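Q: Got a predicted structure here, sequence first:
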Amino acid sequence: MNACLAGGWSFSWPVALTLAVGIGVILMARWVSRQRHFPGRESFIVLHVGICWWLAAAGLELAAQGPQCKVFWASMAWPGIIGVPTFWAVFLWQFVNSIREPLTLRGFLLLGIGPLVASAMALSNPWHQLFYGPGTLPVDGSPGAAIRYDHGPLFNAVAIYVYVFMIFCLAVVTRAALASHGVHRRHYLAFVLVTCVPWSANLSYVVFGWTLFGFDPTPFSFAFTLVAFACLILGVRLFDLLPVARHLLLEELPDPVLVVDPQRRVIDANPAALELAGQSAAWQGTTLSRWPVYGVELDAMLTAGEREMLLIPASSSRYFEVRSRDIERVTRSGTFILGQMFYLRDITERHCSELKLAEALATSEERLRTITRLHEQLQEQALRDPLTGLYNRRHLGELFARELTRCQRERTPISLALIDLDHFKQLNDRHGHLVGDDVLRAVAIHLTGNLRGSDAVFRIGGEEFLLLLPGAAGDEAFARLQALCQALAGQPLPTREGPLSVTLSAGLAVWPTQGQTLEELMQVADAALYDAKRNGRNQVRRLAATGAD
Ligand SMILES: Nc1nc2c(ncn2[C@@H]2O[C@H](COP(=O)(O)OP(=O)(O)OP(=O)(O)O)[C@@H](O)[C@H]2O)c(=O)[nH]1
């Protein structure tokens, strides 16, 4: 060994490559060792130590000039050559089965027997030549020429030992990939690739004698392993729980989530989205507009550039609030849209509550309107006489006060007339009360039919009426009342027993000359009415005015 350490060396590109890969492996192993704990972490680090060992021995073999030294360094590689598949298998087993406890010392020592025995067999080869046969010679006579190895039976036995581990590794990750889905499956499939590439390189060397730089290509294939792990760790954050947790969250989310690429093809959908669409297989890559149940709406939403909408799928009685957002990647040259994500929030409960609330509000408003209408009707009814529909005495005070204010402001008079039907008792007695009611109604119509806009007529007693004529002075009011009186007398009224003739007597009072208040005016008018009755009825009377009217 001393001779080989002190022997001639030549630094070449293949040596530089092994050195670079070795440094990369050390850096990655160091970085991984500082990461959070993950299943198989210790085995993963031991595996990388094995790779480094192998690379170091391979580099020394490549750099060594003497053929014996080359064979010596090749023999020194065996702890790494056996250790790598052994601890790759242990790591995969622990990772796939989520075994967090590190390998026991006993297990470690047991698994270390293989590499030790193989190394011992390789290093003792000069005495038995069963590992490398006598045909192990340089490929040509040039200095530092590569060695063509004559693989002996012990070499083949060790190769089989290694391949058993590799087959085990493949079986473990393939089974795990088949049994899992989502992020986990992608991780396991990556492991299948990472297993296959160095193994294929090794198989091609052992079985077909294929070499790279005249050398076993397996150590160089670790460059691929290094890049693959770098991509897995940095790209999909292997060993990190966050992507797995996010994936699980999406899987468990009761609300549908759909992801489309820039060509509007569905590239991902969580179980809730698949269930709503009734999709189960071969859905990936479906054009959004052809996506069942709600694809057309989402497609239209994208076209319209809308970010939010209410979705009521035809085949479902549920309501969804759809939100879309761009999936972007920011690079130095700008922001690229990688696709869109749709999030469908089930708002059925909220929407139904809102609908019920709106319905309840509408009903309440309708009821309130009805109550207001009824209240107004009641108020109106309270002010009106039910038989004739004329205002009653209750409304008189209010209306008079209003008219009085107006007439005071406008300095105009108000005439007030009390009207009483003549011999109404006789009419009742002769024709009955119902006919009397007919007459009262007909008189009410007669009176209202002869009023002007601002006039008002009230029924203030059985067959007593009151006329309020704002703005009408005594003479004018008197003339109008007389016309009313004569018209009534000359026109029989319709009743259930045929037309009947009635007459009225009226007494007139005028504000402000004959009274200041309603009571005073009514007293004056009543006195005048009494006068009319006494003078033979069917006439209008007024007392002599105490001032100008
Ligand atoms: N049909 C009907 N009659 C009523 C109503 N209210 C009061 N009367 C009647 O009206 C009559 C009033 O009679 P009286 O006060 O004696 O007066 P009158 O018979 O008209 O005689 P004079 O007023 O003196 O001309 C009574 O017979 C009451 O019963 C009503 O609402 N309907």
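A: That came through fine. Numbers count the residues shown, from 1 in each chain.
Q: in what helix or strand does Leu447 lie?
A: helix 433-449 (DSSP states H and E).
Q: Please apply the same query to Gly339.
A: strand 334-346.
Q: Give me the contacts around that strand.
A: Counting contacts by Cβ atoms under 8 Å, 6 or more residues apart in numbering, the residues outside strand 334-346 that touch it are 254-262, 267, 273, 276, 294, 298, 302, 311, 318-329. From N, CA and C alone the C-beta is placed, and that goes for glycine too.
Q: I'd like to know which of these are buried.
A: Buried by 16 or more other Cβ atoms under 10 Å: 255-261, 273, 276, 294, 298, 302, 311, 318-322, 324, out of these.
Q: quick one: the residue positioned nearest the centre of the chain from His351, how far?
A: Central residue of the chain (Cα atoms, centre = their mean): Arg345, 3.3 Å from the mean position. Distance, Arg345 to His351, by Cβ to Cβ, to the nearest Å: 11 Å.
Q: List the residues that contact the closest residue to Leu451 other than its chain neighbours.
A: Nearest residue to Leu451, sequence neighbours excluded (Cβ to Cβ, 6 or more residues apart in numbering): Val457, at 6.2 Å. Going by Cβ under 8 Å, 6+ apart, Val457 touches 390-391, 444, 447-448, 451, 465-468.
Q: Only the buried subset of those, as a ChimeraX command please.
A: A single ChimeraX command selects the buried members of the contacts of Val457 (16+ other Cβ under 10 Å):
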select :390,391,444,447,465,466,467,468
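Q: could I get the contacts of Val457 as JSON lines with pLDDT and distance to Glu520?
A: Listed next are the contacts of Val457 as JSON lines, based on pLDDT from 0 to 100; distance: Cβ to Cβ, whole Å:
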{"residue": "Leu390", "pLDDT": "93", "distance to Glu520": "23"}
{"residue": "Tyr391", "pLDDT": "91", "distance to Glu520": "21"}
{"residue": "Ala444", "pLDDT": "96", "distance to Glu520": "26"}
{"residue": "Leu447", "pLDDT": "93", "distance to Glu520": "23"}
{"residue": "Thr448", "pLDDT": "93", "distance to Glu520": "26"}
{"residue": "Leu451", "pLDDT": "85", "distance to Glu520": "23"}
{"residue": "Phe465", "pLDDT": "96", "distance to Glu520": "19"}
{"residue": "Leu466", "pLDDT": "96", "distance to Glu520": "14"}
{"residue": "Leu467", "pLDDT": "95", "distance to Glu520": "17"}
{"residue": "Leu468", "pLDDT": "95", "distance to Glu520": "15"}
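Q: when you check the contacts of Val457 against the helices, which ones overlap?
A: 444, 447-448 (DSSP state H).
Q: Redo these as TSV? Include distance to the ligand.
A: Formatted as TSV, those follow (distance: Cβ to the nearest ligand atom, whole Å):
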residue	distance to the ligand
Ala444	11
Leu447	16
Thr448	17
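Q: Closest one of these to Ala29?
A: Thr448 (109.4 Å; Cβ to Cβ).
Q: Could you check how far the residue nearest to Ile26 when sequence neighbours are not counted is from Leu253?
A: In this structure, Ile26 finds its nearest non-sequential neighbour in Cys52, 6.0 Å apart by Cβ to Cβ, 6+ apart. Counting by Cβ to Cβ, the separation of Cys52 from Leu253 is 44 Å.
Q: If you count surrounding residues, which of the two has more?
A: Remark: of Cys52 and Leu253, Cys52 carries more neighbours, 19 against 14, as counted by other Cβ atoms under 10 Å.
Q: you'd agree that one is up against Gly22?
A: Yes: assessed by Cβ atoms under 8 Å, Cys52 is found in contact with Gly22 at 5.6 Å.
Q: circling back: could you dump the ones in helices among the contacts of Val457 to TSV with distance to Trp88?
A: Formatted as TSV, these follow (distance: Cβ to Cβ, whole Å):
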residue	distance to Trp88
Ala444	112
Leu447	115
Thr448	110
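Q: can you tell me which of these lies nearest to Leu109?
A: Of all those, Leu109 sits closest to Thr448, with 121.3 Å by Cβ to Cβ.
Q: Kindly provide the distance from the closest residue to that closest one other than its chain neighbours to the ligand.
A: Leaving aside its chain neighbours, Thr448 sits nearest to Val457 (5.7 Å; criterion: Cβ to Cβ, 6+ apart). In this view, Val457 and the ligand are 16 Å apart by Cβ to the nearest ligand atom, to the nearest Å.
Q: in the stretch 301-450 of the chain, which spans are strands?
A: For the stretch 301-450 of the chain, the strands defined by DSSP state E, counting those that start in this stretch cover 308-311, 320-331, 334-346, 414-421.
Q: Ignore what I typed, I meant the chain.
A: 137-138, 147-148, 257-260, 266-269, 308-311, 320-331, 334-346, 414-421, 456-459, 464-470, 504-511, 540-542 (DSSP state E).
Q: Quick one: the ones you listed as JSON lines, columns for distance to Pro386 too.
A: Output for those, formatted as JSON lines (distance: least, Cβ to Cβ, whole Å):
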{"stretch": "strand 137-138", "distance to Pro386": "133"}
{"stretch": "strand 147-148", "distance to Pro386": "128"}
{"stretch": "strand 257-260", "distance to Pro386": "70"}
{"stretch": "strand 266-269", "distance to Pro386": "73"}
{"stretch": "strand 308-311", "distance to Pro386": "54"}
{"stretch": "strand 320-331", "distance to Pro386": "57"}
{"stretch": "strand 334-346", "distance to Pro386": "59"}
{"stretch": "strand 414-421", "distance to Pro386": "18"}
{"stretch": "strand 456-459", "distance to Pro386": "10"}
{"stretch": "strand 464-470", "distance to Pro386": "15"}
{"stretch": "strand 504-511", "distance to Pro386": "22"}
{"stretch": "strand 540-542", "distance to Pro386": "28"}
